[in-house]
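Colleague: 3D, please:
(chains A and B)
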Number of protein chains: 2
Amino acid sequence: MDRDGELALFANDAFYAAFAGGDLAAMDEVWAERAPVTCIHPGAAPLFERGAIMDSWAEILGNAGVSAMTCHRPRLISRAPLVLVVCYETLGSGALIASNGFVQEGGRWRMVLHQAGPCQDAPAFGAESVGAGNAH
Amino acid sequence: MDRDGELALFANDAFYAAFAGGDLAAMDEVWAERAPVTCIHPGAAPLFERGAIMDSWAEILGNAGVSAMTCHRPRLISRAPLVLVVCYETLGSGALIASNGFVQEGGRWRMVLHQAGPCQDAPAFGAESVGAGNAH
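Modeller: The predicted structure follows:
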């Protein structure tokens, strides 16, 4: 794995840490501020405005139960300048599949795309921690 | 819109034309041959092998009803070298939301990512044709 990929995976980990921690300030740090951003929550229409995206996270992170959100098997599928990570997400008994995109902004890798949708045929996950299932 | 974005939107149109036409050979032309490819069908686990992806399309395109697949409001969300297009898809009364990624390979823009998932709060679509709803 190249250095950019490694750093983008750290940013992916930071996204899930903010998610599981219910930490809106950390989530705000994750998302790019200058590049165009897109967020597609499961079942929802896409959001293309940063303010609307952060409002959606404020609502989601205020819900009980987000602390169980876990990322599994993050996999790099593209390189710089736009690094894409595909990973499973579990929350309780349900599994989702997500594509997360990151670009470099001010020397840090920040999120420009998140699309998550239901995944009925996810594999069984063991006691993996965030990032531990990286296939590359 | 820059020229690369325009050409990637043509490739996006070609993807939906192959889909609606049930044309497996055209679908094969759409997908990149050298770059890593990822395909996430609604509800399914991600496919990372080109052969498995084409097998999945052979199965899907063999089903009756795919001719009603229509792309709505394609929107460019990133630029070259990896162009991402977010669009709605309708098939009968159901709506999906998709992220499609394209890279240049041998002078053509070819698909490297397709993720589609259900969208319960899609807007009402009029009589738009493929590509006609481009927001950029």
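
Colleague: and the residue in chain A positioned nearest to chain B, bridged to which residues?
Modeller: Taking CB to the nearest CB as the measure, chain A has residue A:117 as its residue closest to chain B, at 2.5 Å. To be clear about C-beta, it is placed using only N, CA and C from the backbone, and glycine gets the same treatment. Judged by DSSP bridges, the bridge partners of residue A:117 are residue A:97.

Colleague: what does residue A:76 give?
Modeller: With DSSP bridges as the rule, residue A:76 is bridged to residue A:85.

Colleague: right, and it touches residue A:5 too?
Modeller: Yes - counting by CB atoms under 8 Å, residue A:76 does reach residue A:5; the two are 4.8 Å apart.

Colleague: where does chain A have low pLDDT?
Modeller: Along chain A, the model assigns pLDDT under 70 to residues A:127-136.

Colleague: quick one, strands of chain A?
Modeller: Under the criterion DSSP state E, chain A carries strands at the ranges A:38-40, A:70-76, A:83-91, A:94-105, A:108-118.

Colleague: report all helices and strands that the helix ranked longest in chain A contacts.
Modeller: Criterion DSSP state H: the longest helix present in chain A is helix A:3-21. Packed against helix A:3-21 by the contact rule (3 or more CB pairs under 8 Å, 6 or more residues apart in numbering or on different chains; DSSP states H and E) you find helix A:24-30, strand A:70-76, strand A:83-91, strand A:94-105, strand A:108-118.

Colleague: show me what from chain A comes close to chain B.
Modeller: A:36, A:38, A:40, A:42-46, A:48, A:75, A:77-78, A:81-82, A:84, A:86, A:97, A:99, A:101, A:112-113, A:115-123 (CB under 8 Å from any CB of the partner chain).

Colleague: the residue lying closest to residue A:57 once chain neighbours are set aside: neighbour count?
Modeller: Spatial nearest neighbour of residue A:57, chain neighbours left out: residue A:27 (4.9 Å); criterion: CB to CB, 6 or more residues apart in numbering or on different chains. Using other CB atoms under 10 Å in any protein chain shown, the number of residues around residue A:27 comes to 22.

Colleague: next one: residue A:1
Modeller: Residue A:1, neighbours per other CB under 10 Å, totals 12.

Colleague: one more: residue A:77?
Modeller: Neighbours of residue A:77 using other CB under 10 Å come to 20.

Colleague: list of residues touching the longest helix of chain A?
Modeller: Applying CB atoms under 8 Å, 6 or more residues apart in numbering or on different chains, the external contacts of helix A:3-21 come out as A:1, A:23-24, A:26-27, A:29-30, A:61, A:66-71, A:74, A:76, A:79-80, A:83, A:85, A:87, A:89, A:100, A:102, A:104, A:108-111, A:114, A:130-131, A:134, A:136.

Colleague: so what's the residue nearest to residue A:57 up against?
Modeller: So residue A:27 contacts A:15, A:18-19, A:54, A:57, A:61 (CB under 8 Å, 6+ apart).

Colleague: give the buried subset of those as a PyMOL selection command.
Modeller: Here is the PyMOL command that selects the buried residues among the contacts of residue A:27 (16 or more other CB atoms under 10 Å in any protein chain shown):
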select buried, chain A and resi 15+18+19+54+57+61
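
Colleague: weed out the non-buried ones from the residues of chain A next to chain B.
Modeller: Using 16+ other CB under 10 Å as the threshold, A:36, A:38, A:40, A:42, A:44, A:46, A:48, A:75, A:77-78, A:82, A:84, A:86, A:97, A:99, A:101, A:112-113, A:115-119, A:122 are the buried ones among the residues of chain A next to chain B.

Colleague: hang on, the earlier thing: next, the angle from the longest helix of chain A to strand A:83-91.
Modeller: 30 degrees (axes from the mean of the first three to the mean of the last three CA atoms, to 10 degrees).

Colleague: buried stuff in helix A:3-21?
Modeller: A:4-5, A:7-9, A:11-20.

Colleague: ok, stretch A:21-41 next?
Modeller: Applying 16+ other CB under 10 Å to stretch A:21-41 flags A:22-23, A:27, A:29-32, A:35-41 as buried.
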